[in-house]
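**Q** kindly generate the corresponding structure for this input.
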Amino acid sequence: MQRQEIANQVFRPGWNQPTMTLEELGERERADAIQRAEQQTVAEAEAKFRPRRYEQLVKDGMEDDEKLVEASAKLDRDWDEWKEENPRGSGNKMSERGDRNF
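**A** Numbering: from 1, shown residues only. Next up is the predicted model:
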């Protein structure tokens, strides 16, 4: 028994053998692609009614929707406030610490 097990280990291939056929792989990939496409269409449909910049609402022709206009106005105000609080160039200023001796 032990001799047969050792012989089986010696004469086996040195690489991993396939665990499924190409047909099974193709079916799995196709099912995954269909699922991703369905998720993408749902996400695109939901994104249509998500608040975004007012210019984008005008471009999409949805400037008549009062809720979206209010939400986009809030989004624009929040963005403007953030831009005022964080002016350009106010980021990482480690080089201006003042404790360098040269």
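
**Q** tell me the helix or strand right after the lengthiest helix in the chain.
**A** Taking DSSP state H as the criterion, the chain has its longest helix at helix 22-47. Next helix or strand after helix 22-47 toward the C-terminus (DSSP states H and E): helix 54-60.

**Q** buried residues in that next one, which are they?
**A** For helix 54-60, the neighbour count (16 or more other CB atoms under 10 Å) marks Leu57 as buried. In this view, the C-beta of every residue, glycine as well, is placed from N, C-alpha and C.

**Q** equivalent analysis for stretch 32-51, please.
**A** Pro51.

**Q** what lies in contact with that stretch?
**A** With contact meaning CB atoms under 8 Å, 6 or more residues apart in numbering, stretch 32-51 is reached by Asp60, Met62, Leu68, Ala71, Ser72, Lys74, Leu75.

**Q** roughly how far is the helix or strand bottoming out on mean pLDDT in the chain from the heart of the chain?
**A** None of the helices or strands of the chain scores lower by mean pLDDT, DSSP states H and E than helix 54-60, at a mean of 82. Distance, stretch centre to chain centre, for helix 54-60: 23 Å (CA atoms, centre = their mean, to the nearest Å).

**Q** which helices and strands does that helix pack with?
**A** Contact here means 3 or more CB pairs under 8 Å, 6 or more residues apart in numbering; DSSP states H and E; on that basis helix 54-60 packs against helix 66-85.
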